[in-house]
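Engineer: Got a sequence here, can you model it:
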Amino acid sequence: QVQLVESGGRLVQTGDSLRLSCAASGRSASSYVLGWFRQAPGKEREFVAAISWRSDITTYADSVKGRFTISRDNAKNTVYLQMNSLKPEDTAVYYCAARLQRISTVRHDYGYWGQGTQVTVSS
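Structural biologist: Numbering: from 1, shown residues only. Coordinates of the predicted model:
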């Protein structure tokens, strides 16, 4: 099992940058694929980005490509989401998620979830 704790969410303005962190703990935490999802009020939780345990594969939602960067530090068991050029439509609760095996963009493929961190982008 793995436990996930997100941090870094806050209120920012359009165009600002923000970095989210997710600390993973538990047995073999560094072996998990780690992903970020987000959920805006009244909407389904959607995929944002994911990274393989070796960091050799990353994938992004089209809506964040070129603006967001996912990375991880296995020595610290932490995954990061660097978010640049933030827009009001990026406002959501951001969740960290983990799974074994292959990288995936599908929400239901991830069995472990954090509690989420709120990102609010004002216009």
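Engineer: and the closest residue to V48 other than its chain neighbours, what does it touch?
Structural biologist: Once flanking residues are discounted, V48 sits nearest to W36: 4.2 Å by CB to CB, 6 or more residues apart in numbering. The way it works is simple: take the backbone N, C-alpha and C, and place the C-beta from them, glycine included. Applying CB atoms under 8 Å, 6 or more residues apart in numbering to W36 gives the contacts 20, 22, 48-50, 70, 79, 81, 94-97.
Engineer: measure the closest residue in space to T78 that isn't next to it in sequence to S104 for me?
Structural biologist: Distance criterion CB to CB, 6+ apart; nearest residue to T78, sequence neighbours excluded, is A23 at 5.2 Å. For A23, the distance to S104 equals 21 Å [CB to CB, to the nearest Å].
Engineer: picking that back up, now tabulate the contacts of W36 in a markdown table and tack on secondary structure.
Structural biologist: Below are the contacts of W36 laid out as a markdown table (DSSP: H, G, I helix; E, B strand; the rest coil):
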| residue | secondary structure |
| --- | --- |
| L20 | strand |
| C22 | strand |
| V48 | strand |
| A49 | strand |
| A50 | strand |
| I70 | strand |
| V79 | strand |
| L81 | strand |
| Y94 | strand |
| Y95 | strand |
| C96 | strand |
| A97 | strand |
